[in-house]
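Peer 1: Curious how this folds, go ahead:
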Amino acid sequence: MNKNVALIVGIVLVAVVGFIYFNNTSDEVPDVFVNIEGYNVSVSCESDNDCKLVDTSLGLSCCWAGACAVLDYSKDSFIGVEQSSFDKLQLNNCPSPSQCGPAPGCPLAVKNIDFLAKCISNVCKKVPVDK
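Peer 2: Residues are numbered from 1 along each chain as shown. Below you'll find the model as predicted:
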């Protein structure tokens with residue numbers, strides 16, 4: 001009798017695992033995250049419009065962070081992230097612009113902007129601009 005019970009339990013277990021495995025065919029993009037200063041930022045995407053480049057060395061870029069820095073997208077600190085995920089984190093964790101005070105009055109210096117964020121295999125990536 002014990003062998004029969006064990007056989008039935010084994011068959012049921014295999015059936016349940018098989019059902020779960022073969023029915024998990026969701027078209028949803030799995031969430032993939034990067035950590036930026038303790039915040040999980042999604043890099044999952046469905047199209048290029050979902051992505052943007054951010055400078056991880058500036059954290060969430062609160063209160064004009066990086067406003068006077070030289071813009072160099074070729075630096076390793078610039079990565080592609082899912083735009084709405086990053087924007088929501090800024091909104092929920094950064095002071096409002098009125099709390100930050102006036103924006104600094106410095107010119108924008110550009111060194112290399114020949115990169116952009118693209119959705120590649122459902123992950124935002126930094127890639128060189130096609131010329």
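
Peer 1: When you work out contacts or count neighbours from here on, use the C-alpha atoms and nothing else.
Peer 2: Noted.

Peer 1: burial count for the closest residue to Cys100 other than its chain neighbours?
Peer 2: Using CA to CA, 6 or more residues apart in numbering and skipping residues adjacent in sequence, the residue nearest Cys100 is Cys63, 5.1 Å away. Neighbours of Cys63 under the rule other CA atoms under 10 Å: 18.

Peer 1: Now do the SS call for Cys63.
Peer 2: The three-state label given to Cys63 by DSSP: H, G, I helix; E, B strand; the rest coil is coil.

Peer 1: quick one: it from Tyr39, how far?
Peer 2: Distance, Cys63 to Tyr39, by CA to CA, to the nearest Å: 17 Å.

Peer 1: For the closest residue to Asn35 other than its chain neighbours, what is the enclosing helix or strand?
Peer 2: Distances taken as CA to CA, 6+ apart place Val41 nearest to Asn35, at 6.1 Å, with adjacent residues excluded. Taking DSSP states H and E as the criterion, Val41 maps to strand 39-42.

Peer 1: elements contacting the helix or strand following that strand?
Peer 2: Using DSSP H and E, the helix or strand that follows strand 39-42 towards the C-terminus is strand 51-55. Secondary-structure packing of strand 51-55 (3 or more CA pairs under 8 Å, 6 or more residues apart in numbering; DSSP states H and E): strand 78-82, strand 115-120, strand 123-128.
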